[in-house]
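1. output the structure for:
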Amino acid sequence: MRRIWIVATLLLGTCVGVSAQDCKGAIEGLRNSWLRAWNAKQLGDVMKLYAEDATLLTADGQLYVGRDKIRDYFKTQIGSVSDVSVMSAGVICSTDTGYDTGKYSQKVSKGGSTMLPGSTTMGGTTALAGPTTADKGNYSVTLRQESGKWQVVQHANVRSK
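-> Next up is the predicted model:
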């Protein structure tokens, strides 16, 4: 009987290890998908990564609750924020929750206006912007897995000086 418990414990430990590895890979993949979509100005693809009840805390302290409110905010930002890159400090996983934290950097254009893809006025993405500044800080993202799909449920940025 004791052998069965030892074998069961080893198998459970192996399964949990594989799950954590799968979680880390999935979260890293989601992060990379977010970056590709944002830098390509594909707001619809960015928003597919957020849960319906997600929250966003911006670097200037604004809180947006729900995917629609986050989409509205991102719509005002996606044309002026470019070249976003991140350096993850690490991913932590449990069975259905994951956390990703690290540093971000981006370029921010001041002034001007933006035409998003699908605009009736212009077919492509065009940004008419003023001077560009570098922006950097830290981020924290909480993710949840539901029905085998990982989604962002909390996203926060803190600007550093």
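2. okay, CA-based contacts and neighbour counts for the rest of this
-> Fine.
3. who touches the host helix or strand of residue 87?
-> Taking DSSP states H and E as the definition, residue 87 sits inside strand 81-93. Identification of contacts with strand 81-93 by Cα atoms under 8 Å, 6 or more residues apart in numbering yields 20, 23-24, 27-28, 35, 38-39, 98-109.
4. switch to 6 Å and redo it
-> Strand 81-93 is touched from outside by 20, 39, 98-108, with contacts defined as Cα atoms under 6 Å, 6 or more residues apart in numbering.
5. again, but for stretch 31-42
-> Here stretch 31-42 has contacts from 45, 46, 82, using Cα under 6 Å, 6+ apart.
6. now do that stretch: distance to the chain's middle.
-> The chain centre lies 9 Å from the centre of stretch 31-42; the measure is Cα atoms, centre = their mean, to the nearest Å.
7. now stretch 150-157
-> On Cα atoms, centre = their mean, the centre of stretch 150-157 falls 6 Å from the chain's centre.
8. okay, that stretch in PDB with CA atoms only?
-> The C-alpha trace of stretch 150-157 is given here as PDB (Å, rounded to 0.1, in the frame of the first residue of the first chain):
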ATOM      1  CA  TRP A 150      -5.900  32.000 -20.800                       C
ATOM      2  CA  GLN A 151      -7.100  35.600 -20.600                       C
ATOM      3  CA  VAL A 152      -5.900  38.800 -18.900                       C
ATOM      4  CA  VAL A 153      -8.100  39.700 -15.900                       C
ATOM      5  CA  GLN A 154      -6.000  42.400 -14.300                       C
ATOM      6  CA  HIS A 155      -3.400  44.600 -16.100                       C
ATOM      7  CA  ALA A 156      -1.500  47.400 -14.300                       C
ATOM      8  CA  ASN A 157       1.300  49.700 -15.400                       C
END
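9. helices and strands around the strand or helix carrying residue 46, which ones?
-> Taking DSSP H and E as the criterion, residue 46 maps to helix 43-47. On a contact count with 3 or more Cα pairs under 6 Å, 6 or more residues apart in numbering; DSSP states H and E, helix 43-47 meets helix 2-39.
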